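Peer 1: Only the shape, not the letters, is given here:
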């Protein structure tokens, strides 16, 4: 049996789902799409929102994080949120998510904890880490969105999953079934 780890850039996932209008996808559906194996280990990288900026969004995100922690083999890796003041307000960015993902990708490979890694991101900064784990005999799959995809990331990976197309199939199939529970919805 192939052992799989999934590494998710949470901000990349959320913003791309929002961009294509699919924020109501459930993590159960996403994990099944990425790998149907129940022994899959999942790493999710994100940062807590600023409670002083919007309390409702902050508490909705905390509720979402709590639901994710209930998923078997799920690892929530919280990074730092940095706020920058601009003339017309504030902008926020997450610090440490990419480096934590790369460290986990490489260290889990060196510890021989997986055979296949799926990276949900479009960031080509992961290319050196991917090359390193491939030298260890690991297979790497890139799950990407059209709007944030790096050609060099897709090229270096052993395989890829075009998420826009695959998630549309899930939504279409969901409309055909009435038993969807909608738990762990990505809807902040």
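Peer 2: Now that the structure is in, tell me what you want to look at. All of these numbers come straight from a predicted model, not from anything done at the bench. Residues are numbered from 1 along each chain as shown.
Peer 1: State the mean pLDDT of the biggest strand by length in the chain.
Peer 2: The single longest strand within the chain, with elements called by DSSP state E, is strand 74-86. In this model, strand 74-86 carries a mean pLDDT of 83.
Peer 1: Check which helices and strands it is in contact with.
Peer 2: With contacts taken as 3 or more CB pairs under 8 Å, 6 or more residues apart in numbering; DSSP states H and E, strand 74-86 sits against strand 41-47, helix 55-68, strand 89-95, helix 97-110. Where C-beta positions appear, they are placed from N, C-alpha and C, glycine not excepted.
Peer 1: wait, what's in contact with the nearest residue to residue 136 once chain neighbours are set aside?
Peer 2: Closest residue to residue 136 apart from its sequence neighbours, by CB to CB, 6 or more residues apart in numbering: residue 109 at 5.0 Å. For residue 109, the residues meeting the contact criterion (CB atoms under 8 Å, 6 or more residues apart in numbering) are 117, 132, 133, 136, 138.
Peer 1: quick one: contacts for the first one?
Peer 2: Right, the one you point to is residue 117. 4, 5, 6, 7, 105, 108, 109, 133, 138, 139, 140, 141.
Peer 1: Show only the entries of the residues you listed found in helices.
Peer 2: 105, 108, 109, 133 (DSSP state H).
Peer 1: which of those sit farthest apart?
Peer 2: 108 and 133 (8.4 Å; CB to CB).
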